[in-house]
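>>> Any chance you can model this:
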Amino acid sequence: MGRLKTLGNRVKTQADRLTAINTNSWRATKETSAQRGYGYKWQKAREGWLHAHPLCVYCERLGRVTAGSVVDHIEAHRGDMALFWDRTNWQTLCKPCHDSVKQAEEACGTRSG
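Residues are numbered from 1 along each chain as shown. Below you'll find the model as predicted:
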């Protein structure tokens, strides 16, 4: 029986952790990717961009040749559709660069280049 009491305390502490979710995050809005602008029109534009710009710009700066798979917004659009569709704000990144280097830059407010 001692174990069940201990488990009950652990479950209560887990619930406390769930209240720490950042409500300013886009994930807190529960919008789908299509509602955020990443629908069919974006998929077609992304496909065309990757065809015209196939290499990761971060890897190119380091002298590496890596195929890109992500069309990244250089400046975060934060729902601004004019900035979202501004092709001068797009760059091609490989998944590792997008998920590590770019995310770290955004977290600390810097930009590579």
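>>> Strands of this protein, start to end?
Using DSSP state E, the strands of the chain run over residues 70-73, 90-93.
>>> Serialize the ones you listed to TSV and add fields for distance to residue 44, mean pLDDT and mean neighbour count.
Placement of C-beta: from N, CA and C, glycine included. Formatted as TSV, the strands of the chain follow (distance: least, CB to CB, whole Å; pLDDT from 0 to 100; neighbours: other CB atoms under 10 Å):
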stretch	distance to residue 44	mean pLDDT	mean neighbour count
strand 70-73	11	94	17
strand 90-93	14	96	20
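>>> do you know which of those lies nearest residue 63?
Taking CB to CB, strand 90-93 is the member of the strands of the chain nearest to residue 63, at 16.1 Å.
>>> hang on, the earlier thing: export the strands of the chain to TSV and append columns for distance to residue 100.
As requested, the strands of the chain are exported to TSV (distance: least, CB to CB, whole Å):
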stretch	distance to residue 100
strand 70-73	12
strand 90-93	10
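>>> Residue 45: which of the ones you listed is closest?
When those are compared (using CB to CB), the closest one is strand 70-73, at 7.8 Å.
>>> And for that closest one, what's in contact with it?
Residues from elsewhere that reach strand 70-73, judged by CB atoms under 8 Å, 6 or more residues apart in numbering: 45-46, 49-50, 83-84, 89-95, 98, 102.
>>> Next: stretch 54-66.
Here stretch 54-66 makes contact (CB under 8 Å, 6+ apart) with 67, 68, 91, 92, 93, 94, 97, 101, 102, 112, 113.
>>> Turn these into JSON lines, columns for distance to residue 74.
Output for the contacts of stretch 54-66, formatted as JSON lines (distance: CB to CB, whole Å):
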{"residue": "67", "distance to residue 74": "19"}
{"residue": "68", "distance to residue 74": "14"}
{"residue": "91", "distance to residue 74": "5"}
{"residue": "92", "distance to residue 74": "11"}
{"residue": "93", "distance to residue 74": "10"}
{"residue": "94", "distance to residue 74": "15"}
{"residue": "97", "distance to residue 74": "13"}
{"residue": "101", "distance to residue 74": "13"}
{"residue": "102", "distance to residue 74": "9"}
{"residue": "112", "distance to residue 74": "10"}
{"residue": "113", "distance to residue 74": "9"}
